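*Asks:* Okay, predicted coordinates and the sequence, questions at the end:
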Amino acid sequence: MDDGDASFVVNAVYWLEQTENDVPAEDRWLSAREQSCLGEMRFAKRRADWRLGRWTAKHAVAACLHLSADADVLLDIEVKAVASGAPEVLVRGQPAPVAISLSHRAGVALCTVGLPETSFGCDLETVEPHGEAFVADYFTDSEKKLIEDAPTQDRTQLIALLWSAKESVLKALRVGLRADTKSVSVSSVDAGLLTVPIEWRSFRGTGSVDWRPLRAIYSGTQDFYGWWRVQGQLLRTVAADVPLRPPVSILLTHSAPLPHKGHQSACDSALQSPCGGVSGWE
Ligand SMILES: CC(C)(COP(=O)(O)OP(=O)(O)OC[C@H]1O[C@@H](n2cnc3c(N)ncnc32)[C@H](O)[C@@H]1OP(=O)(O)O)[C@@H](O)C(=O)NCCC(=O)NCCS
């Protein structure tokens, strides 16, 4: 791969999922500011989702920065919502050398972690039937065609996938559903390896086989690249404004190094080189 060729810039994101059962009942792992934010939430479901998201994000960030997951360390990792609602990470009050995206659904939270220079978003969606009006109102003509062309038994999952991919793109853009859902059009999902750069093919069969590629376009001009994966009734998508390698699972017993891209990253300088090469990637 030629690093100088922008169309072949490849980035990585790491992902972690946690469930409500993983989250302790007490709040000692939340900072004073986070506890005060939680205290302002009126609805139990919102509080539970928010705590689950913070728990997942703090563990994902700790693993990626090679920090322990002790309560004191988790306290020092804060996830703050900016005005748009997008999450930002602070470590000991300073902007972290990583960016995250968050989603929670049905008692599960997904957090993706990557380098701040990449705009990425993630989303979790339940695979469940939607009425015809949902597709009519929120999908583009080309997405409607993808749905029409799909075998009937695949449509429910495809609709969840297209919707989730839109949300991931809108999170990557940090606008969320303030933007028209038709401003994002998913152009291909698992369109086959022909659309995947050749060097990615070896990842299939190395543990990433369950992530399949997708492509989307924003506003008719900006390309987004992503991956999707379904397990049980939950479907996940990740999308970014640059081609991404298949998302890498964070194992909490082992730290997940951020990708070393052959140049000094924010991660290198800010936290004493916690980044390392990912075996088999470089
Ligand atoms: C972002 C959004 C699309 C996610 O909706 P959702 O599918 O219900 O929720 P998910 O669990 O997948 O994602 C929620 C997470 O997205 C993140 N998020 C919120 N706004 C975001 C934005 N503008 N950009 C990127 N990420 C955002 C947050 O981390 C949030 O979790 P948290 O609030 O617990 O930190 C939606 O909340 C949204 O558009 N929000 C902004 C506009 C808004 O508030 N509209 C009112 C309702 S339409």
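*Replies:* Yep, that arrived.

*Asks:* Would you mind measuring from the closest residue in space to R212 that isn't next to it in sequence to R155?
*Replies:* The spatially closest residue to R212, leaving aside those adjacent along the chain, is D190, at 4.0 Å (Cβ to Cβ, 6 or more residues apart in numbering). No exception for glycine: its C-beta is placed from N, CA and C like everyone else's. As judged by Cβ to Cβ, to the nearest Å, D190 and R155 stand 15 Å apart.

*Asks:* which of the two has more neighbours?
*Replies:* Neighbour count, other Cβ atoms under 10 Å: between D190 and R155, R155 has more, with 17 against 14.

*Asks:* Wait, a strand at the more buried one?
*Replies:* No: R155: not assigned to a strand; according to DSSP: H, G, I helix; E, B strand; the rest coil it is helix.

*Asks:* Relative to the ligand, how far out is it?
*Replies:* R155 is 21 Å from the ligand, where distance means Cβ to the nearest ligand atom, to the nearest Å.

*Asks:* ok, now V186?
*Replies:* 15 Å.

*Asks:* before we move on, back to that, so who does the residue nearest to R212 touch?
*Replies:* R212, P213, L214, W228 (Cβ atoms under 8 Å, 6 or more residues apart in numbering).

*Asks:* Quickly check those residues for the two that are furthest apart.
*Replies:* The most widely separated members of these, counting by Cβ to Cβ, are P213 and W228 (8.0 Å).

*Asks:* ok, residues contacting the helix or strand hosting E148?
*Replies:* In this structure, E148 sits in helix 141-149 according to DSSP states H and E. If you take Cβ under 8 Å, 6+ apart as the criterion, helix 141-149 is touched by V135, A136, F139, R155, L158, I159, L162, S185, V186, S187, V189.

*Asks:* From the residues you listed, keep the buried residues only.
*Replies:* Buried subset of the contacts of helix 141-149 (neighbour count, 16 or more other Cβ atoms under 10 Å): V135, F139, R155, L158, I159, L162, S185, V186, S187, V189.

*Asks:* Please convert the residues you listed to a markdown table, extending it with secondary structure and pLDDT.
*Replies:* Formatted as a markdown table, these follow (DSSP: H, G, I helix; E, B strand; the rest coil; pLDDT from 0 to 100):
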| residue | secondary structure | pLDDT |
| --- | --- | --- |
| V135 | helix | 97 |
| F139 | coil | 97 |
| R155 | helix | 92 |
| L158 | helix | 93 |
| I159 | helix | 95 |
| L162 | helix | 96 |
| S185 | strand | 97 |
| V186 | strand | 95 |
| S187 | strand | 89 |
| V189 | strand | 80 |
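
*Asks:* ok, those residues vs V127, which is closest?
*Replies:* Sorting the buried ones among the contacts of helix 141-149 by distance to V127 puts I159 at the head of the list, at 8.7 Å, by Cβ to Cβ.

*Asks:* How confident was the prediction at the closest residue to R155 other than its chain neighbours?
*Replies:* Leaving aside its chain neighbours, R155 sits nearest to I147 (5.8 Å; criterion: Cβ to Cβ, 6+ apart). I147 carries a pLDDT value of 92.

*Asks:* Name the strands paired with the host helix or strand of V113 and say parallel or antiparallel.
*Replies:* V113 belongs to strand 108-114 when assigned by DSSP H and E. Strand pairing for strand 108-114, determined by DSSP bridges: strand 14-19 (antiparallel), strand 99-105 (antiparallel).

*Asks:* From Q35, how far out is the residue of the stretch 101-250 of the chain found nearest the ligand?
*Replies:* Going by Cβ to the nearest ligand atom, the ligand is nearest to G176 of the stretch 101-250 of the chain, at 2.5 Å. In this view, G176 and Q35 are 25 Å apart by Cβ to Cβ.

*Asks:* on that earlier part again, and P213 and W228? Which one has more around it.
*Replies:* Applying other Cβ under 10 Å to P213 and W228 shows that W228 carries more neighbours, namely 27 against 21.

*Asks:* H104: neighbouring residues, count only.
*Replies:* 22.

*Asks:* now do G131
*Replies:* 8.

*Asks:* just to revisit the earlier point, which ones among the contacts of D190 map onto strands?
*Replies:* R212, P213, L214, W228 (DSSP state E).

*Asks:* buried set for the lengthiest helix in the chain?
*Replies:* The helix that spans the most residues within the chain, counting by DSSP state H, is helix 44-64. Buried residues in helix 44-64, defined by neighbour count with 16+ other Cβ under 10 Å: 49-64.

*Asks:* Many thanks, we can stop here.
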